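K.L.:
Got a sequence here, can you model it:
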Amino acid sequence: MDYDYEIVYKKGKLNQNADALSRLIQDNNNEISYNDFMNKYESKSIQSSSNIQEKLGDLFEAPPNHSLVHCVSQDFEMGKGIALIFKTRFGQVDELKSQNKTVGQVAYISDQNRRIYYLITKALFFQKRTYQTVFKALMNLKILCQQNNESHLAFPRISCGLDNLYWPKIFDMIKYIFHDSSISITIYNLPDEHSKNFVYSIDDEDLTFENFKGFHQREVKIPKPKVVNTPISNIKTFIIPMSCDYSISNKFLDFIKTHFTDLPENPKVTDIIAKKLTHQFIFVLFLKEYNDQSVTYEDLFATFVNLRLMLNFNNIKKFTIPNIALFKNNSIIREDTFFSLLYFLFRDFEYEILCDERINVSDENLIKEILFENHDSPLAGHQGFERTYEKIKKFYFLDNMKDPIRKYIRRCKICQKSKTDFKHNKSPMIITTTSTKLC
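P.N.:
You can find the predicted model right below:
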């Protein structure tokens, strides 16, 4: 049966009477994706926006018609940095939690004649924000501000304080998202006499084990870490490696038990516990299940990534750590790879290697004596490079240790004379006549 009418769908608007199909909320977030932003950012094609400016000044002195914006974790544990100032000034934490917002969403409260927006960019306070979560939260902030008819927003330099994200990238992200908006945005930056010395952190998104392997295989020349002989009590931030079985063979066990009264009973590999004393910060890293095992590079890398997060959260940029490659049973960990891993993960930190068992030697005459004692003496027995190197590094730390040891052994006349020649010379081929008759 034919009907004499035509169905016409008209586009409706939110909160107005219209056909149900036309009142479906359009997901504008799909119009701009993080990948689109990254393409623009990497090609340096993000343009300046007249509605976005950055100025020196105090965020909390912004005009009263400016709504404030900053980043928090989903648990709203605002215990440090500018988040603590927001918590102290505006409170209403229970109200924020009752909104049940998740990572990437935005919670807000009202204070007098303006709103305070909280961008939720991570789940837990000790975690690190990522550029993706900040991007998603800013997209949702834009939609929310349009619904609330906001005209002015005031930002701090979000995510570049304790989280150490790269501010120029975040600033381009804000310009990219709000470039077509009528909202006026002012970003406040407190003047800092040390700002010229500020070192932006490396991109945490690139800190993967696969990237480290590629980095190490390229044989990147890394600076030699500073080696110190310092009493533990004088170290401001001390990193202690430990096995999950709390082995008595670990020389730091007594020190740990003295300062930690509530050690976890069943820690897991890659776990970290921390203790803040009056003049010292202690981090204990659980790197392996049992002391008689060797630490693996994968577990060491994962634990160091967690350590990086905790150091950044506590605003610590300098620490001292023992040379894990020298620990008994850590046969897998090589010293050069350990130093390379430290540099890859902490090259925006200042770190030192605690060398309480080895002597740092720089005098050339003394180096020759050490090489003679550990190679030429009757007890040394003219061993090869690997055994000589392992023997020396247990007690001494030399500059570019491998090179002088290798050169010394190559120039040893006794070693050259007694060296086994593994080259097999084939006997000359004897040409014989081919038999033409059957025998």
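K.L.:
Tell me, how many residues neighbour the residue nearest to L311 when sequence neighbours are not counted?
P.N.:
Distances taken as Cβ to Cβ, 6 or more residues apart in numbering put F319 closest to L311, at 6.7 Å, once the chain neighbours are dropped. Bear in mind the C-beta positions are built from the backbone N, C-alpha and C, glycine included. For F319, the neighbour count with other Cβ atoms under 10 Å is 19.
K.L.:
doesn't K226 make contact with F319?
P.N.:
No. Taking contacts as Cβ atoms under 8 Å, F319 lies outside contact range of K226: 11.7 Å.
K.L.:
Just list the residues touching the residue nearest to L311, thanks.
P.N.:
Residues near F319 by Cβ atoms under 8 Å, 6 or more residues apart in numbering: T237, F238, I239, F283, L311, F349, E350, Y351, E352.
K.L.:
Find the pair from these with maximum spatial separation.
P.N.:
F283 and E350 (15.6 Å; Cβ to Cβ).
K.L.:
ok, those two, which is more surrounded?
P.N.:
F283 (21 against 11).
K.L.:
Among the contacts of F319, name the buried ones.
P.N.:
T237, F238, I239, F283, L311, F349, Y351, E352 (16 or more other Cβ atoms under 10 Å).
K.L.:
Give me the contact list for stretch 372-385.
P.N.:
Stretch 372-385 is contacted from outside by T388, K391, I392, I405, R406, Y408, I409, C412, I414, C415, S418, using Cβ under 8 Å, 6+ apart.
K.L.:
Next up, the contacts around the last one.
P.N.:
Right, S418. S418 sits in contact with H382, where contact means Cβ under 8 Å, 6+ apart.
K.L.:
Confidence-wise, which helix or strand of this protein is lowest on average?
P.N.:
When each helix and strand of the chain is scored by mean pLDDT, DSSP states H and E, strand 359-361 comes last, with a mean of 67.
K.L.:
Quick one: the strands in this protein, in order.
P.N.:
52-56, 67-73, 106-111, 114-122, 152-155, 184-189, 226-228, 237-243, 272-276, 281-288, 318-322, 350-354, 359-361, 396-398 (DSSP state E).
K.L.:
Spell out which strands sit alongside the fourth one in the sheet and which way each one runs.
P.N.:
When you say that, I think you mean strand 114-122. Next to strand 114-122 in the sheet, as set by DSSP bridges, lie strand 67-73 (parallel), strand 106-111 (antiparallel).
K.L.:
now do the fifth one
P.N.:
Strands that pair with strand 152-155, judged by DSSP bridges, come out as strand 67-73 (parallel), strand 184-189 (parallel).
K.L.:
check contacts around P223.
P.N.:
Here P223 is in contact with Y343 (Cβ under 8 Å, 6+ apart).
K.L.:
and the two most separated of the contacts of stretch 372-385?
P.N.:
Using Cβ to Cβ, the contacts of stretch 372-385 reach their maximum pairwise distance at I392 and S418, which is 21.1 Å.
K.L.:
Okay, domains of this protein per the record?
P.N.:
For the chain, the structural domains run 28-194, 207-218+235-350, 359-415, going by automatic domain parsing.
K.L.:
Can I get those domains in JSON lines including distance to P428?
P.N.:
Converted to JSON lines, those look like this (distance: least, Cβ to Cβ, whole Å):
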{"stretch": "domain 28-194", "distance to P428": "64"}
{"stretch": "domain 207-218+235-350", "distance to P428": "43"}
{"stretch": "domain 359-415", "distance to P428": "31"}
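K.L.:
looking at those domains, which is closest to T432?
P.N.:
Taking Cβ to Cβ, domain 359-415 is the member of the domains of the chain nearest to T432, at 42.7 Å.
K.L.:
what about that closest one, distance to the chain center?
P.N.:
Distance of domain 359-415 from the chain centroid (Cα atoms, centre = their mean, to the nearest Å) equals 37 Å.
K.L.:
Can we start the residue count at 24 from this point?
P.N.:
Renumbered: residue one is now 24, and that last one reads domain 382-438.
K.L.:
Rounded mean pLDDT for stretch 279-289, please.
P.N.:
For stretch 279-289, the mean per-residue pLDDT is 83.
K.L.:
Can you tell me the closest non-neighbouring residue to A85?
P.N.:
Nearest one to A85, counting by Cβ to Cβ, 6+ apart, is A177 at 3.9 Å.
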